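Trainee: Fold the stuff below for me.
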Amino acid sequence: MPIYVYETIPQKPRQKARRFELKQSIKDAALKKHPETGEPVRRVITGGAGVITSKARSSSKKCCGRHGSKCCGGGGCCSC
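Mentor: Numbers count the residues shown, from 1 in each chain. As a prediction, the model looks like this:
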């Protein structure tokens, strides 16, 4: 089951949001209230972990190195 990050929604000026994590099924609806305090909360979108495979690395930019060429994606050269 994934772990989701939530934060409280401040109700007063100068009140700080507090974050917490919760393990939930992907099918469960996002929480609207803190499970212990009842404060309103929102789910925080966070970055995931990326995976680099050997195939992804081999398709990186390559340059021919002639005439001061610039690299371009897809393993080709520009200005050669």
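Trainee: Only C-alpha atoms from now on, for both contacts and neighbour counts.
Mentor: OK.
Trainee: tell me the secondary structure for F20?
Mentor: With DSSP: H, G, I helix; E, B strand; the rest coil as the basis, F20 sits in strand.
Trainee: Show me the beta-bridge partners of it.
Mentor: Per DSSP bridges, the residues bridged to F20 are Y6.
Trainee: which ones are touching it?
Mentor: F20 is in contact with 5-7, counting by C-alpha atoms under 8 Å, 6 or more residues apart in numbering.
Trainee: what's the spacing between it and T8?
Mentor: Separation of F20 from T8 (C-alpha to C-alpha, to the nearest Å) stands at 9 Å.
Trainee: Go through the contacts of F20 and give me the one with the most neighbours.
Mentor: Most neighbours among the contacts of F20, by other C-alpha atoms under 10 Å: Y6, with 22 neighbours.
Trainee: That one contacts A17, correct?
Mentor: No: contact status for Y6 versus A17: not in contact, 9.7 Å apart, counting by C-alpha atoms under 8 Å.
Trainee: Low-confidence stretches in the protein?
Mentor: Within the chain, the segments meeting pLDDT under 70 span 50, 54-80.
Trainee: mind listing the strands for it?
Mentor: For the chain, the strands defined by DSSP state E occupy 3-8, 19-23, 41-44, 70-71, 77-78.
Trainee: Give me the buried stretch members for the third one, please.
Mentor: Residues of strand 41-44 classed as buried under the neighbour-count rule (16 or more other C-alpha atoms under 10 Å) are 41-43.
Trainee: For these, give me a markdown table that also has distance to D28.
Mentor: Below are these laid out as a markdown table (distance: C-alpha to C-alpha, whole Å):
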| residue | distance to D28 |
| --- | --- |
| V41 | 15 |
| R42 | 14 |
| R43 | 12 |
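Trainee: Out of those, which is nearest to M1?
Mentor: The closest of these to M1 turns out to be R43 (C-alpha to C-alpha; 15.9 Å).
Trainee: what pairs with that closest one across the strands?
Mentor: On the basis of DSSP bridges, R43 is bridged to Y6.
Trainee: Was I right to think it contacts K33?
Mentor: No: with contact defined as C-alpha under 8 Å, R43 and K33 do not form a contacting pair (10.4 Å).
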